[in-house]
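Peer 1: return a 3D structure for these sequence lines:
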Amino acid sequence: MQSKRGGYRGKPKPKLPPHLKRVRVNVRIQKWMLDQLKTKGEVGIVLEEILKNAGFKYCDDQKRSIKM
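Peer 2: Presented below is the predicted three-dimensional model:
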């Protein structure tokens, strides 16, 4: 019998905050770029920081209009 099977067996999956939604994005990244991103941390978080530093900003107006 295996004691650690992984996953969310029997437990509900934790909910994401309402402003975060998983969206599939097709991007082809060269392997060496992906390896560098992985060494800096979780790829999604690192890419988000890069986009913020490039000038993308969170827009509170969009969040409010989605809730309505």
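Peer 1: contacts, neighbours, all on C-alpha from now
Peer 2: Will do.
Peer 1: give me the low-pLDDT residue ranges for this protein?
Peer 2: Across the chain, the ranges flagged by pLDDT under 70 are 1-8, 59-68.
Peer 1: can you give me the distance of the residue most central in space within it to residue 31?
Peer 2: Nearest to the geometric centre of the chain sits residue 44, at 4.3 Å (C-alpha atoms, centre = their mean). To residue 31, residue 44 is 16 Å away according to C-alpha to C-alpha, to the nearest Å.
Peer 1: tell me which element the closest residue to residue 43 other than its chain neighbours is part of?
Peer 2: Leaving aside its sequence neighbours, residue 43 sits nearest to residue 37 (C-alpha to C-alpha, 6 or more residues apart in numbering; 5.7 Å). Secondary structure from DSSP states H and E places residue 37 in helix 31-40.
Peer 1: now do residue 12
Peer 2: Counting by DSSP H and E, residue 12 is found in no helix or strand.
Peer 1: tally of neighbours for it?
Peer 2: By other C-alpha atoms under 10 Å, 7 other residues sit near residue 12.
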